[in-house]
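In: Got a predicted model here, sequence first, then my questions.
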Amino acid sequence: MLRIGMRLRASGNRCPVLTSLPYAHVILSRRVENETQFMQLALEEAAAAAAAGEVPIGALIVYDSKVLAISGNRTIRDCDPTAHAEIIVIREAARLLGNYRLAGTTLYVTLEPCSMCAGAMIQARIPRLAYGADDPKGGAVRSCFEVLTHDKLNHQVEIVSGVLASECASLLQAFFAARR
């Protein structure tokens, strides 16, 4: 018998979860096939992060067309320089799946990942990345470095860039403009 419970997301929204599966807290979302719909969810997390005073970056991991983990940046809240949205969702997805290898997943993030987050993707063997805005000052996918496609690594990632890029960039620009 499948039972559905509720779980609180980082944004404060409640999400339904299955409680009788081996992945006891897998977040269920409506089945989403469209890249922009997933990125819109990441943008909502980024906006929630901004409202909390964090740099507005949101990320989520999708498995079998369902959201497995979702978060915004939490570096200030957690007093942890590694608490980027990508790292948080990678940790949560690995915990939920009971495996540090995240085969069959896609990571969606509003900003091109930095070198730390790109390295974590390689270690987790995430096969696919979709991101919004390029990061010319620290992006490790194509702007500053090309970590995810380096030919000497034993894992390479399929990359989709520019998903809702203008919306993702606008959120970041507005956040930093308000602080100047």
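Out: Arrived safely, thanks for sending.

In: going forward, measure contacts between C-alpha atoms and count neighbours the same way
Out: Noted.

In: Next, Lys66: phi, psi?
Out: Backbone torsions of Lys66, given as degrees, to the nearest 10, read phi -130, psi 150.

In: Tell me the helices and strands packed up against the longest helix anywhere in the chain.
Out: The single longest helix within the chain, with elements called by DSSP state H, is helix 35-51. Judged by 3 or more C-alpha pairs under 8 Å, 6 or more residues apart in numbering; DSSP states H and E, the packing partners of helix 35-51 are strand 58-63, strand 66-72, strand 105-111, strand 128-133, helix 165-177.

In: can you pull the buried residues of the last one?
Out: Within helix 165-177, the residues scored as buried using 16 or more other C-alpha atoms under 10 Å are 165, 167-169, 171-172, 175.

In: Just want the angle from it to strand 128-133.
Out: In terms of direction (axes from the mean of the first three to the mean of the last three C-alpha atoms, to 10 degrees), helix 165-177 departs from strand 128-133 by 50 degrees.

In: Could I have the CA atoms of helix 165-177 written out in PDB?
Out: What follows is the C-alpha trace of helix 165-177 in PDB, where atoms were taken according to Å, rounded to 0.1, in the frame of the first residue of the first chain:
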ATOM      1  CA  ALA A 165      18.600  32.300 -19.300                       C
ATOM      2  CA  SER A 166      17.200  35.800 -19.300                       C
ATOM      3  CA  GLU A 167      14.900  35.100 -16.300                       C
ATOM      4  CA  CYS A 168      17.700  33.500 -14.300                       C
ATOM      5  CA  ALA A 169      20.100  36.400 -15.100                       C
ATOM      6  CA  SER A 170      17.500  39.000 -14.300                       C
ATOM      7  CA  LEU A 171      16.900  37.500 -10.800                       C
ATOM      8  CA  LEU A 172      20.600  37.600 -10.100                       C
ATOM      9  CA  GLN A 173      21.100  41.100 -11.500                       C
ATOM     10  CA  ALA A 174      18.100  42.500  -9.500                       C
ATOM     11  CA  PHE A 175      19.500  40.900  -6.300                       C
ATOM     12  CA  PHE A 176      22.900  42.400  -6.700                       C
ATOM     13  CA  ALA A 177      21.600  45.800  -7.900                       C
END
